[in-house]
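> I would like the atomic coordinates for the input below:
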Amino acid sequence: AAEAALAEKNGLAERMAELLKEEQLLAEEKQSLEADSIGLQNKEKALQAKLNELTSKHKILSHMQQDFDGFGRSSKSVLQNRAAWRQGICGAVAQLIQVPDPYVTAVETALGGALQYLVTEDETTAKQAIAFLKDQRLGRATFLPLTTIQTGTPRDYELKAAAAPGSLGLASAVVGCEQKYRKVVEFLLGRTILAENIDAALAIAKNHQYRVRIVTLDGQQVNPGGSLTGGSTHRRENSFLSRSNEIAALEKTMGETQVSLEQAQQAVSAADQKRLELDKKAEDKQAEKQALEVRLAQLEVHNTNLQGELRRLQMAADSLQEEMDSFAGEKTAMQTKLAQKQEAILALENRDVEHKQEMLRWQQELKLLNEQKDLTGHAVTDCKVSLTALEQQMQAAESESQMLRTELAKTAAVLQRLADEAETLRE
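You can find the predicted model right below:
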């Protein structure tokens with residue numbers, strides 16, 4: 001039992017050491033996870049703040065677009081009208097075209113007020129809108145009925161100018177739109193040249209006798225006849241085209257940010273789940289450690305009890321050894337006494353034999369005396385007295401011999417009992 005308890009205690013101690021290492025590893029992993037989790041949470045907050053900012057800006061710009069911010073009163077009034085003829089209004093030119101960001105300033109410069117021109121399905125709708133503006137005294141607007149717009153073909157010198165060094169081609173080529181509105185784009189921009197900068201624009205204009213209209217990417221303009229128009233441009237948020245592009249860019253960025261945010265949220269959630277799993281493992285390890293500590297304490301108490309029991313048994317063994325030593329002494333004394341008794345019995349037996357021989361002799365003599373009738377009565381009486389005394393001596397010797405045998409048997413029984421007890425103690 002003691003060996004089993006010791007083996008169990010050693011096993012528990014080894015397991016306790018393993019648990020302490022596992023707890024340390026879990027603590028380190030949890031610390032690293034918490035650091036990562038803080039980073040992920042900060043990233044999530046930053047992405048959420050960025051998304052909120054983008055959403056807010058998108059909302060403002062979208063509201064400005066819906067409100068046709070920057071449009072004149074007349075165009076805005078037509079676009080916001082709910083009359084039946086409004087169904088025939090396709091929209092303002094700025095609403096119907098798409099321009100890549102690098103060309104926005106140039107196209108806006110080239111179009112100028114034409115950005116607010118209103119495209120209609122037909123001239124009837126245009127007349128109804130004009131009547132509305134006139135009746136309501138809301139000003140004037142230009143309409144581009146799809147049924148009446150006619151596009152011209154660029155002249156040869158304009159095509160040559162579009163292909164000249166420093167030129168980026170015709171402005172209509174960089175503008176996107178639905179096919180039904182392509183002739184509107186050609187009508188407005190089909191003869192306008194895009195140039196990289198003002199120097200390139202002037203060189204192209206000079207080489208073509210200043211007969212072409214050229215717009216640079218930064219919004220400077222060379223007009224037919226040689227006049228120049230330029231300076232600073234308006235802020236992007238004041239431009240419908242710029243706002244459209246910015247809204248599209250915002251929507252793209254918002255989508256990307258939303259995806260990143262969801263990924264970050266998933267990562268935070270996964271980190272939280274992992275932390276919960278680590279906490280559960282730590283709790284399990286702690287519970288197992290506490291159980292081991294309890295069991296080790298129990299084994300320690302059991303070991304203490306075993307040590308006490310061992311000491312008690314050792315003391316009992318020492319006491320039994322002393323008793324065995326005492327019994328051995330008694331046995332030796334008994335054996336000595338037994339030897340003496342056996343010698344006494346032997347002596348008595350020898351005396352008994354002598355007495356028997358002497359009695360036989362006396363019996364023979366008595367027989368002889370009986371045969372001798374001439375013996376006197378006194379002599380016969382003396383013989384009888386002697387014979388009686390001799391018989392009494394023989395009886396006494398026999399009794400003493402019997403007593404010695406009885407005592408010898410008792411002594412042998414005592415020796416046997418002592419031997420059995422000694423054997424029991426050895427076991």
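> for the nearest residue to Phe327 once chain neighbours are set aside, the count of nearby residues, please.
With C-beta to C-beta, 6 or more residues apart in numbering as the criterion, Phe327 has its nearest non-adjacent residue at 5.0 Å, and that residue is Leu418. C-betas here are computed from N, CA, C, even on glycine. Here the number of neighbours of Leu418 (other C-beta atoms under 10 Å) works out to 16.
> again with Gln128
19.
> ok, now how distant is it from Thr388?
184 Å (C-beta to C-beta, to the nearest Å).
> starting at the chain centroid, how far to the longest helix along the chain?
In the chain, taking DSSP state H as the definition, the longest helix is helix 240-371. Chain-centre distance of helix 240-371: 41 Å, with C-alpha atoms, centre = their mean, to the nearest Å.
> just stretch 14-28 next, same as before
15 Å.
> contacts for that stretch?
Under the contact criterion C-beta atoms under 8 Å, 6 or more residues apart in numbering, stretch 14-28 has outside partners Leu278, Lys281, Ala282, Lys285, Gln286, Glu288, Lys289, Leu292, Glu293, Leu296.
> counting neighbours, what do you get for the last one?
Yep, that's Leu296 we're talking about. So Leu296, with other C-beta under 10 Å, has 16 neighbours.
> please name the residues that touch it.
So Leu296 contacts Lys9, Leu12, Ala13, Met16 (C-beta under 8 Å, 6+ apart).
> what separates the residue nearest to the first one when sequence neighbours are not counted from Arg86, distance-wise?
Once its chain neighbours are removed from consideration, Lys9 has its nearest residue in Leu299; the separation is 4.7 Å (C-beta to C-beta, 6+ apart). According to C-beta to C-beta, Leu299 and Arg86 sit 93 Å apart.
> now do the buried residues in the helix or strand hosting Lys76.
Here Lys76 sits within helix 73-79, counting by DSSP states H and E. Within helix 73-79, the residues that count as buried by 16 or more other C-beta atoms under 10 Å are Ser74, Ser75, Lys76, Ser77, Val78, Leu79.
> and stretch 157-176, by the same measure?
Glu158, Ala161, Ala162, Ala164, Gly166, Ser167, Leu168, Leu170, Ala171, Ser172, Val174, Val175.
> tell me the one among the residues you listed nearest to Arg243.
Nearest to Arg243 among the buried residues of stretch 157-176: Val175, at 16.6 Å, using C-beta to C-beta.
> ramachandran angles for the closest one?
phi -100, psi 130 (degrees, to the nearest 10).
> got a list of what it touches?
Going by C-beta under 8 Å, 6+ apart, the list of residues near Val175 reads Ile97, Gln98, Val99, Tyr103, Val107, Val185, Leu189.
> among the residues you listed, which are in strands?
Counted as lying in strands by DSSP state E, out of the contacts of Val175, are Ile97, Gln98.
> can you tell me which of the contacts of Val175 lies nearest to Gln307?
When these are compared against Gln307 (criterion: C-beta to C-beta), the nearest one is Gln98, at 93.9 Å.
> identify the bridge partners of the closest one.
Taking DSSP bridges as the rule, Gln98 bridges to Gly176.
> so who does it touch?
Gln98 touches Val175, Gly176, Cys177, Ser244, counting by C-beta under 8 Å, 6+ apart.
> any low-confidence regions in the protein?
Counting by pLDDT under 70, the chain has low-confidence residues at 1-2, 234-238, 352, 369-370, 373-380, 382-383, 422, 426-427.
> grab the most central residue of it for me.
Lys274 (3.6 Å; C-alpha atoms, centre = their mean).
> still on that earlier bit, which among the buried residues of stretch 157-176 gets closest to Thr336?
Val174 (139.4 Å).
> excluding chain neighbours, what is closest to the closest one?
Tyr103 (4.6 Å).
> can you give me the neighbour number for that neighbour?
Neighbourhood size, Tyr103 [other C-beta under 10 Å]: 19.
> so who does it touch?
Counting by C-beta under 8 Å, 6+ apart, Tyr103 has contacts Ala171, Val174, Val175, Leu194, Leu217.
> hang on, the last one packs against Thr105?
Yes. Because the distance of 6.6 Å satisfies C-beta atoms under 8 Å, Leu217 is recorded as touching Thr105.
> on contacts alone, who are the packing partners of the strand or helix carrying Ala110?
Secondary structure assignment for Ala110, by DSSP H and E: helix 104-111. Under the contact definition 3 or more C-beta pairs under 8 Å, 6 or more residues apart in numbering; DSSP states H and E, helix 104-111 sits against helix 182-189, strand 213-216, helix 240-371.
> direction-wise, compare that helix with helix 240-371 and give the angle.
Between helix 104-111 and helix 240-371, the angle comes out at 160 degrees (axes from the mean of the first three to the mean of the last three C-alpha atoms, to 10 degrees).
> ok, residues contacting helix 104-111?
Contact with helix 104-111 is made by 93-94, 97, 99, 115, 171, 174-175, 188-189, 192, 194, 213, 215-221, 229, 233, 239, 241-242, 245, as judged by C-beta under 8 Å, 6+ apart.
> looking at the contacts of Leu296, spot the one nearest Ile345.
For the contacts of Leu296, the nearest to Ile345 is Lys9 (64.3 Å; C-beta to C-beta).
> tell me, how many residues neighbour the closest one?
Lys9 - counted by other C-beta under 10 Å - has 17 other residues nearby.
> residues contacting it?
By C-beta under 8 Å, 6+ apart, Lys9 lies in contact with Leu296, Leu299, Glu300, Asn303.
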